[in-house]
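> Okay, here's the prediction I keep looking at, along with the sequence it came from:
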Amino acid sequence: MSTNSEAGAYSGAGANGDAGTYSDALTAAGWYPGRDAGDDATSAALMAAAVAPSGAGAGTRGWVLFPAARAALREFHGLTLRPVDAGTEVAATGCVIDPREARHALRAFRALGDTIGEDVFPLGSTDAGGLIGVAESGRLLCVDHGGRWLLGDSVEDGLRALTQGRAPRRIAPRRWTWAAPAAHEDPLENAVRTALVGVYVLHHRQLFGARELRLTVTALRGIGGDVLDRSVPLPGGSLDEIAALLVARMRQLADAGKTPLQGCALTVTVSPPEGTHAPYSSVHCAVRVGHSAAVPTATELSLTAGAGTALGRPWEAVEGCARDLARYAGGVTDEAVAEPV
């Protein structure tokens, strides 16, 4: 799919636009509510599922035909969809719904499934060469030369989005950065207090409850290696009490290791506690001070989230965290960036 902002092989998902136009695109292809492709769908699914993993051992698991895949194939198998128009957000494209079109993409869909925590079954291909799959949750996904994408929260929504040209959501790691307030003369105290905001936001949005802060001190001379990397448990008490105790403990660690804090970059990280389940285990909040030679007092706040947070409730929770942190920082300094997949 080709978009104005990033290359891909199809267009994406959402629920915007005129429902009547969407219905015309599907009905023109032969779809109607309650459609059942019957034996043709079953035969095609079995033929696709019978493809053995390429280059894999006998014990390697192949395609799994789960209920959402069966339902999608019975309703949509055999359809050839054509674009409604040029596209409302990105280039619209058509597709063929036949699992045999994507049956050799086991490795790509298995990697995608590992990322989102769901099995993915082949559903077809787009006119631009993208491979379409359905996840256990019923979401419509696509893999192409431009990356991995969520087309729709249901197969019907995703197919409508393709023909209408609505932008997809990239399934990839994301990172936001902001210039955080620096209300105190002590850079370490600024970092700790900002990190505690991150602790609150992550807990408030129900991602996880942090149990410690990690202090990393990086030398700015030479090769810039880490000279201190230690975790400090979060104590109880008021915000001021907690901040004071954490700063004191971190200074004790630095003194014990003969680690100078002046002239170094300090990073205080809020990480998920051990045992946090994916995809929330990929979410981290960090605060950096002293990293900029031009502005030594600058405080950078960042939020990172793995590709698995691109779907469903995790997406909403992480987006909420980003909005909360942006409000605290007074505005976004850098847009969210999807890192290379």
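All right, it came through fine.

> quick one, helices of this structure?
Under the criterion DSSP state H, the chain carries helices at the ranges 19-28, 38-49, 67-76, 106-116, 155-164, 187-204, 239-256, 312-329.

> the inter-axis angle of the fifth one versus helix 67-76?
Taking axes from the mean of the first three to the mean of the last three CA atoms, to 10 degrees, one finds helix 155-164 and helix 67-76 inclined to each other by 50 degrees.

> low-confidence ranges in the stretch 151-300 of the chain?
Along the stretch 151-300 of the chain, segments meeting pLDDT under 70 span 221-226, 292-296.

> Put together TSV for the helices of the chain, with distance to residue 229 and mean neighbour count on each row.
C-betas here are computed from N, CA, C, even on glycine. As requested, these are arranged in TSV below (distance: least, CB to CB, whole Å; neighbours: other CB atoms under 10 Å):
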stretch	distance to residue 229	mean neighbour count
helix 19-28	53	14
helix 38-49	48	16
helix 67-76	44	20
helix 106-116	28	19
helix 155-164	44	26
helix 187-204	15	22
helix 239-256	10	15
helix 312-329	24	17
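
> Could you list the low-pLDDT ranges of the stretch 1-150 of the chain?
For the stretch 1-150 of the chain, the ranges with pLDDT under 70 are 1-23, 52-60.

> If we use 90, what do you get?
For the stretch 1-150 of the chain, the stretches flagged by pLDDT under 90 are 1-27, 49-62, 84-87, 117.

> Please enumerate the strands of it.
80-81, 95-97, 120-126, 131-135, 140-144, 147-152 (DSSP state E, counting those that start in this stretch).

> roughly how far apart are residue 206 and residue 38?
Spatial separation of residue 206 from residue 38 under the definition CB to CB, to the nearest Å is 43 Å.

> same check, this time on residue 328
Distance, residue 328 to residue 38, using CB to CB: 56 Å.

> Which parts of the stretch 201-341 of the chain are strands?
Residue ranges of the strands in the stretch 201-341 of the chain, as given by DSSP E, counting those that start in this stretch, are 212-219, 226-233, 264-270, 284-289, 299-305, 334-338.

> quick one: contacts of the fifth one?
Looking back up the chat, that one is strand 299-305. Applying CB atoms under 8 Å, 6 or more residues apart in numbering, the contact partners of strand 299-305 are 173-182, 187, 190-191, 194, 198, 279, 282-289, 291, 314, 318, 321-322, 325, 328-329.

> between it and helix 312-329, how many degrees?
For strand 299-305 against helix 312-329, the angle by the same axes, to 10 degrees is 170 degrees.

> Repeat that for the third one.
Orientation note: strand 264-270 sits at an angle of 140 degrees relative to helix 312-329 (the same axes, to 10 degrees).

> Need the contact partners of strand 264-270.
Counting by CB under 8 Å, 6+ apart, the neighbours of strand 264-270 from elsewhere in the structure are 187-188, 191-192, 194-195, 198-199, 202, 210, 213-220, 227, 284-291.

> Could you list the paired strands of it along with their orientation?
For strand 264-270, the pairing partners within the sheet under DSSP bridges are strand 212-219 (antiparallel), strand 284-289 (antiparallel).

> Please export the alpha-carbon coordinates of the shortest one; CSV is fine.
Translated: strand 284-289. What follows is strand 284-289 as a C-alpha-only set of coordinates in CSV (Å, rounded to 0.1, in the frame of the first residue of the first chain):
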residue,chain,number,x,y,z
HIS,A,284,8.8,1.6,29.9
CYS,A,285,8.9,5.2,31.1
ALA,A,286,12.3,7.0,31.4
VAL,A,287,13.7,10.4,32.4
ARG,A,288,17.1,11.7,31.3
VAL,A,289,19.1,14.6,32.6
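
> Off-centre distance for it?
Counting by CA atoms, centre = their mean, to the nearest Å, strand 284-289 is centred 19 Å from the centre of its parent chain.

> can you give me the angle it makes with helix 187-204?
With the same axes, to 10 degrees applied, the angle from strand 284-289 to helix 187-204 works out at 160 degrees.

> And residue 119, how far from residue 195?
On the measure of CB to CB, residue 119 and residue 195 end up 37 Å apart.

> likewise residue 257?
Applying CB to CB, one obtains 20 Å for the distance of residue 257 from residue 195.

> Kindly report the same for residue 302.
Taken as CB to CB, the span from residue 302 to residue 195 is 11 Å.

> quick one: buried residues of stretch 298-313?
Neighbour counts over stretch 298-313 (16 or more other CB atoms under 10 Å) mark 298-311 as buried.

> Any idea which of those residues the model trusts least?
On pLDDT alone, residue 298 ranks lowest of those, at 86.

> Contact partners for that residue?
With contacts defined as CB under 8 Å, 6+ apart, residue 298 is in contact with 179, 182, 289, 291-292.

> Residue 273 against residue 210, yeah?
Yes - proximity of residue 273 to residue 210 meets the contact threshold set by CB atoms under 8 Å, at 6.7 Å.

> Looking at the two, which is more packed in?
Higher neighbour count among residue 273 and residue 210: residue 210, with 22 against 11, using other CB atoms under 10 Å.

> which ones are touching that one?
So, once contact is read as CB under 8 Å, 6+ apart, residue 210 ends up touching 198-199, 202-203, 234, 270-273.
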